[in-house]
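A.B. asks: My questions are about this predicted structure, shown below with the sequence.
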Amino acid sequence: MKLVLAAPISGWVVPLDDVPDAAFAGRMVGDGAAIDPTDSVLRAPCDGVVTAIAAAGHAVTLRAESGAEILLHVGIDTVGLQGQGFTRRVEQGAGVRRGDPLLELDLDRLARGAKSLVTPVVVLDAARFPVTLPGKDRLIRAGEPFLEVGGAPRLRDEESATPAEPDAATDVIVHLPHGFHARPAAQIARLSRQFTARVVLSAHGREASAGSTVALMALGVGAGERVELRAFGADAEAAVRTLADGIASGFGEPQAHRKVPASAACGRDRDASPRAAPPAGSARGTVASRGLAIGVAWQLAEQEFAFPEAGGGVAIERTRLDDARGYARERLRQLAATAGDDTGDVLSAQGAFLDDPELLEVADRAIRDGKSAAHAWHSAIRGARELLEGTGDSRLAERAADLRDVEAQVLQALAGEAGAVPDPLPEAAIVLAGELLPSQLARLDLSQVAGFCTAAGGPTSHVALLAASLGIPAVVGAGTAVLEVTSGTPVLLDADTGRLLVDPDEEALSRARGRIKARRARRAQLAERAREDGCTADGRRIRVFANLASVADAGQAIEAGAEGCGLLRTEFLFQDRTAAPPVDEQAAVFQAIADALAPRPLVIRLLDAGGDKALPYLPLPAEANPLLGLRGLRALFRFPELLRDQLAAILQVESAAECRILLPMITEAGEVGRVRALLDELGGRGRPVAVGAMIETPAAAALARSIARTADFLSIGTNDLAQYTLAMDRAHPELAGAFDFFHPAVLHQVAAVCEAAAAAGRDVSVCGALASEPAAAPVLIGLGVQTLSAVPAMIPELKDRIRSLSFAACRDLARDALAQEDAGALRRLVDGFAAPVAKP
Ligand code: PEP
Ligand code: MG
């Protein structure tokens, strides 16, 4: 059905090609036309809902009843007016009728401050809703028919050779905690380039080419949302499967589960309280990384780049842009290599923007229109940023900082400037900035940084996440008052409440010192004893191991006091590969982890792929119920060469300490026997390797006695055990409220497994997330668990909790725990457990 959009304002009709902005002219934002206004009221072009109003008030997005999203963008470069000249007549979320006023414009003010008043009106998802402009170069009055918007899906112009029916299609739920942000978007784009098929992803009524990082981010896909994939071309099947698997696997990011112990979530927090007007001498923002810091303000100057608009010829400007992108790519690579793991990952993901086909297309179009390389790149990035900001999704707006960073790298190269070396930081610097970009962070001497406070940005911006992973207190979005603070001024950053206090008085300082001291003392106290063996107050030995997924994790785990590794998740070691890693390569990685841990033991779990953890190099068939399909050991039996290679690699590890094998998704003892037979075939008989069974299916829990007789040790995977016991997908967004690992139904199975292990004289550990919860420790210990394998960050706290327990009291608690009827009652019981300490 056709929708006719009325002119939202009177003026001269301008085709999109003639809009003086490469992003709009290049159809990067969407398709439509523009009006050069002669009127001062912007009106709704159709009935609909206001889905977004830009913070600067210069752009409004409406969703029509057909689902088409229409962006009305007043003028070009008007975002810089920061709201001056615009008066809102509606609020976000309001329903409007055609002709209702949306914005009032002070045309005089706008004409003085804006590059142009030409107002693009574009349909964001023009692939689905094709747009026709019936007449151009004419005067139009507000309310007169302006654009026709189709309702039948069609493909973009440049894709019109592609048939409307895809050759393969599927859909997938996204479990990435932050949805399609830069890192996974870049991974999808990279994976898609291996195929000749063109892949289109759709969500929220928008579409994106799988090859474009920016377009994927602009889909605005969040955790728990569904994305549709359609592929056109010869290898469409493989392309769809690989991308869907990659997305479902979460590319190694932690999946969006709910019950993660609060302190394992790395101190990130969000202050949801309404933002009160800050008292003089203070600014208030959002907590990005908890903590408290006293230091001196240090302003990080923003880099400005001046460049000419006109270019020196198409060939010259193209070459300049290519060279500058190459320079920027190398620079990001160098920064990534020297930065810490997390910052390095972000910088590598940013590198993908440099090759984003849509950005390059828009930039090249501008160069063909006679613009300089710098102007073309600047326009392309600005269009992409507006695209992200125009979605009205604050998480996506935060991603615009990554684009700005990539813009700065290229402009810097074009200007021939070396990366500005920041002034040396004073000791205990509280770094203040408008917005801190990841590449700026990588250049700072972090040993001098006590905290970060930025005027803009949100809690999921990359810098916020990086600060949290570095353990540096950070507050973001604290407003421009932050930029007024002179470098060298004493400041107090309270990243527990989100406040920056400028020139704090002695009373505030002494309170803060007291809090810092108490915190340090607690951390130091935990750290001091973290390397001691885990043991209850009455002498029951409990080993506290770490769950690892990389070589880097091993070092961190030892620092935290891990007594070994109880679960190496091997599926995360080579997850970016499209071909299975050769035996020697696997052996080298296992060896590096064993060496880092030595003389502590290492438990290597065989690939637990399939289900919600797809691996690009594991060609699993599409399944109706992947969680009940080829997963863990079942998948390995289906691809015996992968199983043999992994076992052969483990057999090569030379370790002073024990290196054991753990089998995922066991259902019966025979499976353990099959792996043992294979090990014997591979020559493992000479060097006996302990083989353990994961108990993570109700079947394995029920048959724990016979499994315990066959296996050398048992390890309970409470994540999957809860998932299969409760018949709830552990990552299902709507079941998150009901899903709890700490459920009596799970505990009854843990109790049965502990009894079976004891009867067979086997060690039993827990390696699911429940092992990382200090509150659950007394119950697990009381049931007979001897080893807890936890996330490294939780180990000091966990050991402290164990030291405070008496085994006898734990046994009583465990008995009471088994009598509870639901997870709520169980949690109330453990919360009220006072842990009477028995004197040793
Ligand atoms: C588990 O299921 O508890 C477990 C530790 O395995 P994973 O979380 O890797 O599936
Ligand atoms: Mg599991």
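C.D. replies: Received the coordinates, thanks. Ligands and ions are numbered 1, 2, ... in the order given.
A.B. asks: use CA for all of it now, contacts and neighbours both
C.D. replies: Fine.
A.B. asks: For the stretch 351-500 of the chain, just list every one of the helices.
C.D. replies: 357-368, 373-389, 394-414, 438-443, 462-470 (DSSP state H, counting those that start in this stretch).
A.B. asks: Mind checking the ones you listed for the one nearest to ligand 1?
C.D. replies: In this view, those are compared for proximity to ligand 1 by Cα to the nearest ligand atom, and helix 462-470 is the closest at 21.2 Å.
A.B. asks: ok, Ser789 touching Leu770?
C.D. replies: No. Assessed by Cα atoms under 8 Å, Ser789 is found out of contact with Leu770, at 9.4 Å.
A.B. asks: Give me the more crowded residue out of these two.
C.D. replies: Ser789 (28 against 25; other Cα atoms under 10 Å).
A.B. asks: quick one: that one is in a helix?
C.D. replies: No. Counting by DSSP: H, G, I helix; E, B strand; the rest coil, Ser789 is not part of a helix but strand.
A.B. asks: List the contacts of Ile666.
C.D. replies: 633, 672, 693-697, 700 (Cα atoms under 8 Å, 6 or more residues apart in numbering).
A.B. asks: how much space between Val221 and Phe180?
C.D. replies: In this structure, Val221 and Phe180 are separated by 6 Å, where distance is defined by Cα to Cα, to the nearest Å.
A.B. asks: who's more crowded, the two?
C.D. replies: The neighbour count for Val221 versus Phe180, taken as other Cα under 10 Å, is higher for Phe180 (27 against 24).
A.B. asks: Against Val227, how distant is that one?
C.D. replies: Applying Cα to Cα, one obtains 10 Å for the distance of Phe180 from Val227.
A.B. asks: Name the residues contacting each of these two.
C.D. replies: Joint contacts of Phe180 and Val227 (Cα under 8 Å, 6+ apart) are Val221.
A.B. asks: Next, the residue in the chain positioned nearest to ligand 1: phi, psi?
C.D. replies: Using Cα to the nearest ligand atom, Gly717 is the residue of the chain that sits closest to ligand 1, at 2.9 Å. Taking degrees, to the nearest 10, you get phi -90, psi 90 for the backbone angles of Gly717.
A.B. asks: For it, the count of nearby residues, please.
C.D. replies: Each residue near Gly717 was counted by other Cα under 10 Å, and the total is 25.
A.B. asks: Burial check on Pro308, number of neighbours?
C.D. replies: Around Pro308 sit 11 other residues, with neighbours defined as other Cα under 10 Å.
A.B. asks: Give me the spatial nearest neighbour of it, chain neighbours excluded.
C.D. replies: What sits nearest to Pro308 in space, not counting adjacent residues and going by Cα to Cα, 6 or more residues apart in numbering, is Ser372, at 6.6 Å.
A.B. asks: how much space between the residue lying closest to Ala656 once chain neighbours are set aside and Ala635?
C.D. replies: Spatial nearest neighbour of Ala656, chain neighbours left out: Pro599 (6.1 Å); criterion: Cα to Cα, 6+ apart. Taking Cα to Cα as the criterion, Pro599 is separated from Ala635 by 32 Å.
A.B. asks: Which one's more surrounded, those two?
C.D. replies: Between Pro599 and Ala635, counting by other Cα under 10 Å, Ala635 is the more crowded of the two (22 against 14).
A.B. asks: Quick check: that one touching Ala609?
C.D. replies: Yes. A contact is recorded between Ala635 and Ala609 when judged using Cα under 8 Å, the distance being 7.1 Å.
A.B. asks: hmm, back to that, can you give me phi and psi for the residue nearest to Ala656?
C.D. replies: Pro599 adopts backbone torsions of phi -90, psi 30, taken as degrees, to the nearest 10.
A.B. asks: Quick check, it in contact with Cys659.
C.D. replies: No. Using Cα under 8 Å, Pro599 and Cys659 do not qualify as a contacting pair, with a distance of 10.5 Å.
A.B. asks: how far away is Glu225 from Gly179?
C.D. replies: Per Cα to Cα, Glu225 is found 8 Å from Gly179.
A.B. asks: Looking at those two, which one has more neighbours?
C.D. replies: The residue with more neighbours, out of Glu225 and Gly179, is Gly179; 24 against 17, by other Cα under 10 Å.
A.B. asks: Any idea how many residues pack against Ala415?
C.D. replies: Should you count by other Cα under 10 Å, Ala415 turns out to have 14 residues around it.
A.B. asks: Likewise for Pro134?
C.D. replies: Residues contacting Pro134 under the criterion other Cα under 10 Å number 9.
A.B. asks: so which strand or helix has it?
C.D. replies: Assigned by DSSP states H and E, Pro134 falls within no helix or strand.
A.B. asks: phi, psi of it?
C.D. replies: Dihedral angles of Pro134 (phi, psi; degrees, to the nearest 10) stand at phi -60, psi -40.
A.B. asks: residue contacts, the residue lying closest to it once chain neighbours are set aside?
C.D. replies: With Cα to Cα, 6+ apart as the measure, Leu147 is the residue that lies nearest to Pro134, at 6.6 Å, once sequence neighbours are left out. If you count contacts by Cα under 8 Å, 6+ apart, Leu147 has them with 4-7, 32-33, 131-134.
A.B. asks: Isn't Gln556 up against Pro792?
C.D. replies: Yes. Gln556 sits in contact with Pro792 when judged by Cα under 8 Å, with a separation of 6.8 Å.
A.B. asks: Looking at those two, which is more packed in?
C.D. replies: Set side by side, Gln556 and Pro792 show unequal neighbour counts under other Cα under 10 Å, the larger going to Pro792 at 26 against 15.
A.B. asks: Tell me the secondary structure at the nearest residue to the more buried one once chain neighbours are set aside.
C.D. replies: If the residues on either side of it in the chain are set aside, Pro792 comes closest to Ala557, at 4.8 Å by Cα to Cα, 6+ apart. Assigned state for Ala557: helix (three-state reduction, three-state DSSP).
A.B. asks: show me what contacts Ala557?
C.D. replies: With contacts taken as Cα under 8 Å, 6+ apart, Ala557 has the following neighbours: 546, 792-793.
A.B. asks: Low-confidence ranges, the stretch 401-550 of the chain, go.
C.D. replies: 417-423, 439, 458-463, 465-466, 468-469 (pLDDT under 70).
A.B. asks: Met694 belongs to a helix?
C.D. replies: No. Secondary structure of Met694, determined by three-state DSSP: strand, with no helix assignment.
A.B. asks: close enough to count as contact, it and Glu668?
C.D. replies: No. Contact status for Met694 versus Glu668: not in contact, 10.6 Å apart, counting by Cα under 8 Å.
A.B. asks: okay, the two: which has more neighbours?
C.D. replies: Between Met694 and Glu668, counted using other Cα under 10 Å, Met694 has the larger neighbour count: 27 against 20.
A.B. asks: ok, what's across the strand from that one?
C.D. replies: Ser715 (DSSP bridges).
A.B. asks: can you start the count at 748 instead of 1 from here on
C.D. replies: New numbering, starting at 748: the last item is Met1441.
A.B. asks: ok, it - contacts?
C.D. replies: Met1441 makes contact with 1409-1413, 1461-1464 under the criterion Cα under 8 Å, 6+ apart.
A.B. asks: what two of the residues you listed are the furthest from one another?
C.D. replies: Using Cα to Cα, the pair of the contacts of Met1441 lying farthest apart is Met1412 and Leu1461, separated by 12.0 Å.
A.B. asks: Up against ligand 1, what does this protein have?
C.D. replies: Remark: the part of the chain in contact with ligand 1 comprises 1443, 1464-1467, 1514-1515, using Cα under 6 Å from any ligand atom.
A.B. asks: Quickly name whichever of those residues is closest to Val807.
C.D. replies: Distances from Val807 to the residues of the chain next to ligand 1, taken as Cα to Cα, are shortest for Asn1466 (44.3 Å).
A.B. asks: any idea how far the nearest residue to that closest one once chain neighbours are set aside lies from Ile1442?
C.D. replies: With Cα to Cα, 6+ apart as the criterion, Asn1466 has its nearest non-adjacent residue at 5.2 Å, and that residue is Gly1515. Summarising the geometry, the distance separating Gly1515 from Ile1442, computed by Cα to Cα, is 10 Å.
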